[in-house]
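Student: Structural data only, the sequence is not supplied:
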C-alpha cells in the first residue's frame with residue numbers, strides 16, 4: 001500500500017497533486033529518505049505529503065540526510081501566504097522503514113519561496129561559488145528557521161541559516177500559516193506569531209513557491225495551500 005504512494009526517487013521532477021496543488025519533486029534520491037503521499041484518490045492526487053529522514057552511514061549514530069527534500073509549485077510571487085496542517089509525530093506502525101532504529105517524529109517541515117534556477121545545467125564544476133536558488137522557512141525542535149538555499153558547482157545543496165525564533169513545540173496536528181512579504185517572513189503556529197527579517201540577495205525576492213522537509217524524523221504536510229497576494 002505505502003510503496004504505491006511513493007513520490008519516485010528514481011528521477012527528479014516527479015509530479016503529484018496535493019490538495020489540488022500540482023507539486024514537482026526537485027531533490028534527487030538519497031539513501032534513507034522516504035517521501036510518500038497519504039491515500040490517493042487517483043494515480044496523482046492526495047491530500048498530504050509524508051516524509052521520513054533516517055540516519056545513514058556505518059557510524060554508531062549515523063548521519064542526518066544531506067539534502068532538503070524540496071517540492072516546487074507553479075505559483076510565483078513576492079507576497080505569498082501558505083496555509084497547511086503539520087504533524088511531527090512518529091510514523092504510524094504500518095509505515096515501511098529502511099532502518100531498525102525506533103521511529104521518531106520531529107522532521108523539519110516548512111515552505112519554500114523565491115525559488116529560481118532550480119535545475120542546474122552542464123557537468124560538475126569544481127570550485128565554482130555557490131548560488132542562491134531560494135529560501136526556506138522550516139519548523140523543528142521548537143524553532144522557526146529562515147534559511148537561504150545554496151547550490152554549488154557540484155550540485156550540493158546547503159540550507160544556510162539567516163535567523164530563527166522560538167515557536168511552540170509538540171506532536172499532533174497543528175495549523176501553520178506563513179506569510180512572505182518584502183523584508184519580513186511571519187509564521188503562526190498554535191496561535192503564536194513570530195516574524196523574522198528577510199533581506200533577499202540581489203533579485204531573488206520573486207520566485208516560485210513550494211514545500212520542504214529536512215533532517216531526521218517523520219513529518220506530514222496536510223491540505224497545503226499557496227496564495228499569491
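Tutor: The structure has been received and is ready for your questions. Remember, predicted model here, so these are calculated numbers, not experimental data.

Student: For the strand or helix carrying residue 82, buried residues please.
Tutor: Assigned by DSSP states H and E, residue 82 belongs to strand 80-87. Across strand 80-87, burial judged by 16 or more other Cβ atoms under 10 Å covers 80-84, 86-87. All C-beta atoms are positioned from the backbone trio N, CA, C, and that covers glycine.

Student: go on, stretch 96-114?
Tutor: Taking 16+ other Cβ under 10 Å as the criterion, stretch 96-114 shows 103-114 as buried.

Student: residue ranges with poor pLDDT in this structure?
Tutor: Across the chain, the ranges flagged by pLDDT under 70 are 3, 9-13, 57-62, 120-125.

Student: Please identify the longest strand in this protein, counting by residues.
Tutor: Assignment by DSSP state E gives strand 217-228 as the longest strand of the chain.

Student: Just want the angle from that one to strand 80-87.
Tutor: Relative orientation of strand 217-228 and strand 80-87, computed by axes from the mean of the first three to the mean of the last three Cα atoms, to 10 degrees: 150 degrees.

Student: Strand 217-228 pairs with which strands?
Tutor: When pairing is defined by DSSP bridges, strand 217-228 lines up against strand 48-53 (antiparallel), strand 80-87 (antiparallel).

Student: quick one on the thing from earlier: and the next helix or strand past the strand holding residue 82?
Tutor: Later in the chain than strand 80-87, the nearest helix or strand by DSSP H and E is strand 108-115.

Student: Following element in sequence after that following strand, please.
Tutor: Moving toward the C-terminus from strand 108-115, the first helix or strand encountered (DSSP H and E) is strand 131-140.

Student: How about that next one, which residues are buried there?
Tutor: Taking 16+ other Cβ under 10 Å as the criterion, strand 131-140 shows 132-140 as buried.
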